[in-house]
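Student: Just to be clear, the model below is a prediction. Sequence and coordinates:
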There are 2 protein chains.
Amino acid sequence: MKKIVIIGSGNVAEALVFALRDTTYNVVQIVARNQKRGEYLAGLARCPYCDHTAELAPADIYILAVTDSVIAEVSQRFDFGNAVVAHTAGSVPIDVLSDKIINRAVLYPLQTFTAGRLVDFSKIPLFIEASTPHALDEIQNLAQKLSNSVRFTSSEQRAQIHLAAVFASNFTNYMYTVAEQILDEENMEFELLKPLIEECALKAVAAPSPRMTQTGPAVRGDDRTLEAHMSMIGDPKLKEIYRLLSESIWETLRKK
Amino acid sequence: MKKIVIIGSGNVAEALVFALRDTTYNVVQIVARNQKRGEYLAGLARCPYCDHTAELAPADIYILAVTDSVIAEVSQRFDFGNAVVAHTAGSVPIDVLSDKIINRAVLYPLQTFTAGRLVDFSKIPLFIEASTPHALDEIQNLAQKLSNSVRFTSSEQRAQIHLAAVFASNFTNYMYTVAEQILDEENMEFELLKPLIEECALKAVAAPSPRMTQTGPAVRGDDRTLEAHMSMIGDPKLKEIYRLLSESIWETLRKK
C-alpha cells in the first residue's frame, strides 16, 4: 500500500482526503499550519496531524496542496529524499518545486473545491506532469486511481487550462455577483436568479459547444435593448464591462 | 375552461405549451409565421395551427411570445376585442402593446428556454404587469397556475431584472465560449471544462450569495498569476476583458 503525506489543509487537500479514502493509497500524515483544519482532515484520513515545524512521515508521495505563492518555500523546507513531490496548482510551473527534489510532479485537478461540498472526483480532469520516469509512473498511477480523465500536459499547457478555468469559473461567478447587485438595487433577492443560473450552465454542458447556446440582445444585434441597458447602468466600470462583453459577443458569435 | 391563443412559435411559446398542458387552461390556437414550428406546437397542444394572416380564434388571453422587436407590430395587426393580451419580454414596456388593446398585460418568465429542453416551469419566477384590474386578475390567475413564484413588477423593474439576467446568463455563457477558445488553441476540448462549469453554477446556487463563492487570482490579489495570464492572452479585446473583470472583482470582493 502506497503511503501519501498531504501538506496543506485547504479545499483541495480536503477533496483529496475524501477521494483517497476509496483507493488503495494510505494517507499517513496531514501537515498544515492551520491546526483546526489540519486536525479535521487528519480525523477524516485517520492519520496524525502535524504542524509545519514537525518531521515528515516516510511516504511514497508528498502532495503539496498549498497556496500557489508558498509552493516554492514549502518545497525547500523539507527533505523529501527520493519520494515523489507533487503540487496541485494550475498556473505554477513544475520547476518552482525545489531543484533539490529529484522526483518532482504536478497533479492539477480542473475543478473548484468548496469546503463541505463533495464532488465526484472520478469525473474531474486531472493534468499531470513529472520530472523523471519514476515520478511520472507514480503520479500517473495515483491520478488514474482518482479519476477517469487523466492527461499529461506541460507546464505551459496547464497554464492555458488554468486561464480557461478562470473564465469558465471565476469570471462566471462574478457575473452572478453583478446580477445580484442589479437586483439588489430593486430590493429583489438573488434567489430569483437561481433557476436561470442553473439552467444556463446545464444547457451549456449538454451542448457540444457554448457557441450554440448563446442567447440575448448582444448576439441578436438588438441595439435598442443594448442602448436601454447601457443607460440603466450607473457604475462606469460596469458600463464598460457591459459594452465590452456585448461587443465581443457580437464580433465572435453574431447571428445572420 | 379559459381559452388561450399563443402567437409565436419560439422557445418561450414551446415552454408555455408544455407548461399549459398540466393546467385547466386550454390552448385553442397557435398563430405563427414559421409553419413547421407552428404545426409542431399545435400538435403538442392538440389545437389548430394558423399562419399570421389567418383570423384569430376567440380566447380569454392572447399571449404574444414573439421577438421583442415585433411585439408592437403584432399587437396592432389583430383585433383582440376585450380579451387580455400579454407579451412575454423582459425589456419591453407594457405600453409597447397597441393602445387599441384595453386589457394589456405582461408575463415575463425569468429563464432561458432552449428548443427540446424541458424545464420545470413551476419553479420559474414569473413577473407580471397589467393595464386594468381585469387584465391583472386574468394574468395573475394564469401565472399562479404556471408557477409558484409570481410577482407584480413595473416595466422599469422588469427591465432591471432582464439586465441582471443578461449578466447571469448571456455573459456567463460567453465566458464559457472564451474558455473554449483558449482550450482550443491547445487542441483541448470543451468537454474538459464541463465538470467545472456545472459545479461552479451549482455551488453559487447553493450559497446565499455569489459573493461568498468567488475564488481565483483576482479576488486573492495574486498579481503574479494575473500578470502571467495577461501575457498569455494575445487578442487585445480579450486582454481588456480579463483586465477589467479582474480589476472589478478585486475592487468589489477583495479578501483581506
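Tutor: Sure, I can see it.
Student: which residues in the stretch 151-256 of chain A form helices?
Tutor: Along the stretch 151-256 of chain A, counting by DSSP state H, counting those that start in this stretch, helices occupy A:155-165, A:172-185, A:194-206, A:217-220, A:223-232, A:236-253.
Student: For these, give me JSON lines that also has distance to chain B and mean neighbour count.
Tutor: The C-beta positions use only the backbone N, C-alpha and C, and glycine is treated the same way. Formatted as JSON lines, the helices of the stretch 151-256 of chain A follow (distance: least, C-beta to the nearest C-beta, whole Å; neighbours: other C-beta atoms under 10 Å in any protein chain shown):
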{"stretch": "helix A:155-165", "distance to chain B": "4", "mean neighbour count": "21"}
{"stretch": "helix A:172-185", "distance to chain B": "4", "mean neighbour count": "23"}
{"stretch": "helix A:194-206", "distance to chain B": "3", "mean neighbour count": "22"}
{"stretch": "helix A:217-220", "distance to chain B": "7", "mean neighbour count": "22"}
{"stretch": "helix A:223-232", "distance to chain B": "5", "mean neighbour count": "16"}
{"stretch": "helix A:236-253", "distance to chain B": "5", "mean neighbour count": "17"}
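Student: Now do the residue lying closest to A:Q160 once chain neighbours are set aside against A:P48, distance only.
Tutor: Nearest residue to A:Q160, sequence neighbours excluded (C-beta to C-beta, 6 or more residues apart in numbering or on different chains): B:E186, at 5.0 Å. Distance from B:E186 to A:P48, counting by C-beta to C-beta, to the nearest Å: 41 Å.
Student: Which one's more surrounded, the two?
Tutor: Ranked by neighbour count (other C-beta atoms under 10 Å in any protein chain shown), B:E186 and A:P48 place B:E186 first, with 17 against 14.
Student: Let me see the contact set for the residue lying farthest from the centre of chain A.
Tutor: Going by C-alpha atoms, centre = their mean, the residue of chain A most distant from its centre is A:R224, 38.9 Å out. A:R224 makes contact with B:D68, B:S69 under the criterion C-beta atoms under 8 Å, 6 or more residues apart in numbering or on different chains.
Student: which of the residues in stretch A:72-89 are buried?
Tutor: A:A72, A:V74, A:S75, A:F78, A:F80, A:A83, A:V84, A:V85, A:A86, A:H87, A:T88, A:A89 (16 or more other C-beta atoms under 10 Å in any protein chain shown).
Student: Which single one of these is nearest to chain B?
Tutor: Checking those against chain B with C-beta to the nearest C-beta, the nearest one is A:A89 at 9.2 Å.
Student: my hunch is that the closest one is in a helix, does that hold up?
Tutor: No: under DSSP: H, G, I helix; E, B strand; the rest coil, A:A89 sits outside any helix and is assigned coil.
Student: surely it meets A:D68?
Tutor: Yes: with contact defined as C-beta atoms under 8 Å, A:A89 and A:D68 form a contacting pair (4.9 Å).
Student: what about A:S154, how many residues close to it?
Tutor: When counting by other C-beta under 10 Å, one arrives at 14 neighbours for A:S154.
Student: now it, nearest residue through space, not along the chain?
Tutor: Closest to A:S154 by C-beta to C-beta, 6+ apart is A:E129, at 6.6 Å.
Student: The one you found: which element?
Tutor: Per DSSP states H and E: A:E129 is located in strand A:126-130.
Student: what angle sits between that strand and helix A:155-165?
Tutor: Computed with axes from the mean of the first three to the mean of the last three C-alpha atoms, to 10 degrees, the direction of strand A:126-130 lies at 160 degrees from that of helix A:155-165.
Student: Just the residues contacting the following helix or strand past strand A:126-130, thanks.
Tutor: Counting by DSSP H and E, the element after strand A:126-130 in chain order, helix or strand, is helix A:133-146. Contact with helix A:133-146 is made by A:2, A:4, A:16, A:19-20, A:23-25, A:60-61, A:84, A:86, A:103-107, A:121-122, A:124, A:126, A:128-130, A:150, A:152, as judged by C-beta under 8 Å, 6+ apart.
Student: Enumerate every residue touching A:A65.
Tutor: Counted by C-beta under 8 Å, 6+ apart, A:A65 has contacts A:I6, A:I7, A:G8, A:G10, A:V12, A:A13, A:L16, A:H87, A:T88.
Student: again with A:A164
Tutor: B:V178, B:A179, B:E180, B:I182, B:L183, B:L193.
Student: Would you mark the buried spots in stretch A:89-99?
Tutor: A:A89, A:G90, A:S91, A:V92, A:P93, A:I94, A:V96, A:L97, A:S98.
Student: For the first one, grab phi and psi.
Tutor: Just to be clear, that refers to A:A89. Per-residue torsions, A:A89: phi -90, psi 140 (degrees, to the nearest 10).
Student: Any idea how many residues pack against A:N103?
Tutor: So A:N103, with other C-beta under 10 Å, has 25 neighbours.
Student: before we move on, back to that, just the buried residues of stretch A:89-99 that are near chain B?
Tutor: Subset of these in contact with chain B: A:S91, counting by C-beta under 8 Å from any C-beta of the partner chain.
Student: Quickly check the buried residues of stretch A:89-99 for the two that are furthest apart.
Tutor: Within the buried residues of stretch A:89-99, A:G90 and A:S98 form the most distant pair, 19.8 Å apart (C-beta to C-beta).
Student: follow-up on the earlier one: most neighbours among the contacts of A:A65, which one?
Tutor: Comparing the contacts of A:A65 by number of neighbours (other C-beta under 10 Å), A:I6 comes first, having 30 neighbours.
Student: so who does that residue touch?
Tutor: A:I6 touches A:A13, A:L16, A:V17, A:V27, A:Q29, A:I30, A:V31, A:L41, A:A45, A:I63, A:A65, counting by C-beta under 8 Å, 6+ apart.
Student: That one bridge partners, please.
Tutor: Using DSSP bridges, the bridge partners assigned to A:I6 are A:I30, A:I63.
Student: tell me the mean pLDDT over stretch A:185-193?
Tutor: Across stretch A:185-193, pLDDT averages out at 95.
Student: Kindly apply the preceding question to stretch A:106-119 instead.
Tutor: The average pLDDT within stretch A:106-119 is 93.
Student: What of stretch A:164-178?
Tutor: Mean predicted confidence for stretch A:164-178 is 98.
Student: Under the pLDDT cut-off, which ranges of chain A? List them.
Tutor: Across chain A, the ranges flagged by pLDDT under 70 are A:255-256.
Student: shouldn't A:L226 be in contact with A:A218?
Tutor: Yes: in terms of C-beta under 8 Å, A:L226 counts as a neighbour of A:A218; the distance is 6.6 Å.
Student: shared neighbours, these two?
Tutor: By C-beta under 8 Å, 6+ apart, the residues touching both A:L226 and A:A218 are A:S246.
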